[in-house]
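[1] Please find the sequence and the predicted model below.
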Amino acid sequence: MVFVSKKKQKLLDIGYKRGESSRKRGIQHKYGNNSSANTRYERLERSAFIARIHTSDNILTFHDVDGSETPVKPLRPRVNRASYVDRFKVSASSKVHPDLRTNKIYVPALLQTMMSTENRKHRLCNSKCRGDLVIDGVASIKWGFGWKERLKCTRCLYVGKHYKLFNEVNTKGKGRRSAEINIGFQIGVASTSIGNTSSRRIMNTSNIIAPTPNAMQKQANKVCAALKCLNEKSMAAVRKNLVAENAQIGQKDASMVNVEGDTCYNNPIFNSDATPFQAGNHCCHHHV
């Protein structure tokens, strides 16, 4: 005799008997238009997902340009693909300091002096050492565009002193002296249409470590003030010479000088009310 539990017996009574057909057999079921048939699911990258996702009643949706919801439903975002720039962000596995792989500006004569002097000192300290003297990238000191470097041995513990690899300006004031390259660069920037921001972008794309914006602005303030004073003295000397020449050639009033000015306006061409002269961003006017 086979023992059957009450639970199993109940299931046998409810289920189909052997040879019995289904009660639903032959009945056709018709379904209406299901909205889910027009729904599409998309999985975007994380950056695009964050920029395009919207929340409506705690439901994540995509919006059209008119603000309505699109039939596409968002899925969990995937990882952003590596861009062309991201490939260069990963540092290569090397013992060389990354700053030593950039383009630095040195004075060749000062670099030669550092190499020859440190080579002699290294041989005197340890004549049996067969190591090479290399630039200590960790101890590099930046001074605008200039650099102070020192050499170290790859085998022994020899470390040299820091050398200034840039020329300094002779000044009477206290504090550190300015580098000639920093002042010369600001003079060039003042005479062109680009500024410190554009120049830093050019240097960074050229793999040159640019000075900090604060340091460049401080140097520019000093250089522009000196240029203004120099221009005022120059124009005063020019006017004095013109008056003297007018007196020599016998003019009635030696102080009367014909002047041509070159004026620049930072205004659009279509806005003619912004300047007292013709509309434009560059014009010339004459005074007598």
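    Yep, that arrived. Residues are numbered from 1 along each chain as shown.
[2] okay, CA-based contacts and neighbour counts for the rest of this
    Will do.
[3] How about stretch 133-142, which residues are buried there?
    133, 135-137, 140 (16 or more other C-alpha atoms under 10 Å).
[4] now what about it, what contacts it?
    Stretch 133-142 has contacts (C-alpha atoms under 8 Å, 6 or more residues apart in numbering) with 97-100, 119, 147-154.
[5] And for stretch 54-72?
    38-42, 52-53, 73-74.
[6] List the buried residues of the strand or helix carrying R123.
    If you go by DSSP states H and E, R123 is part of helix 108-125. Residues of helix 108-125 classed as buried by neighbour count (16+ other C-alpha under 10 Å): 114-115, 118-119, 122.
[7] so can I have JSON lines of those showing pLDDT?
    JSON lines is the format used below for the buried residues of helix 108-125 (pLDDT from 0 to 100):
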{"residue": "M114", "pLDDT": "95"}
{"residue": "M115", "pLDDT": "94"}
{"residue": "E118", "pLDDT": "94"}
{"residue": "N119", "pLDDT": "93"}
{"residue": "H122", "pLDDT": "93"}
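[8] all strands for the stretch 51-200 of the chain, in order.
    53-56, 59-62, 72-74, 133-135, 141-143, 146-149, 151-153, 163-164 (DSSP state E, counting those that start in this stretch).
[9] Geometric centre of the chain: which residue is closest?
    What sits nearest the mean C-alpha location of the chain, by C-alpha atoms, centre = their mean, is R201, with 6.3 Å.
[10] And that residue, what's its pLDDT?
    Looking at R201, its pLDDT is 92.
[11] quick one, helices of the stretch 101-250 of the chain?
    Here the stretch 101-250 of the chain has its helices, by DSSP state H, counting those that start in this stretch, at 108-125, 180-190, 196-205, 213-248.
[12] if we compare those, which one ends up closest to S5?
    Proximity to S5, assessed across those by C-alpha to C-alpha, is greatest for helix 196-205 (82.0 Å).
[13] orientation of the closest one relative to helix 180-190 in degrees?
    120 degrees (axes from the mean of the first three to the mean of the last three C-alpha atoms, to 10 degrees).
[14] Listing request: residues of the stretch 151-288 of the chain with sub-threshold pLDDT.
    For the stretch 151-288 of the chain, residues meeting the criterion pLDDT under 70 lie at 261-288.
[15] Quick check: closest non-adjacent residue to R78.
    Distances taken as C-alpha to C-alpha, 6 or more residues apart in numbering place E45 nearest to R78, at 4.9 Å, with adjacent residues excluded.
[16] quick one, phi/psi of that neighbour?
    phi -70, psi 160 (degrees, to the nearest 10).
[17] circling back to that earlier point, now, which of the buried residues of stretch 133-142 sits nearest S193?
    Among those, and counting by C-alpha to C-alpha, the member closest to S193 is S140, at 32.5 Å.
[18] now the contacts of stretch 54-72 as JSON lines including neighbour count, pLDDT and distance to N221?
    Shown next, in JSON lines, are those (neighbours: other C-alpha atoms under 10 Å; pLDDT from 0 to 100; distance: C-alpha to C-alpha, whole Å):
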{"residue": "N38", "neighbour count": "9", "pLDDT": "70", "distance to N221": "65"}
{"residue": "T39", "neighbour count": "11", "pLDDT": "79", "distance to N221": "62"}
{"residue": "R40", "neighbour count": "11", "pLDDT": "87", "distance to N221": "60"}
{"residue": "Y41", "neighbour count": "10", "pLDDT": "91", "distance to N221": "58"}
{"residue": "E42", "neighbour count": "11", "pLDDT": "91", "distance to N221": "55"}
{"residue": "R52", "neighbour count": "13", "pLDDT": "90", "distance to N221": "45"}
{"residue": "I53", "neighbour count": "12", "pLDDT": "90", "distance to N221": "47"}
{"residue": "K73", "neighbour count": "15", "pLDDT": "90", "distance to N221": "56"}
{"residue": "P74", "neighbour count": "19", "pLDDT": "91", "distance to N221": "53"}
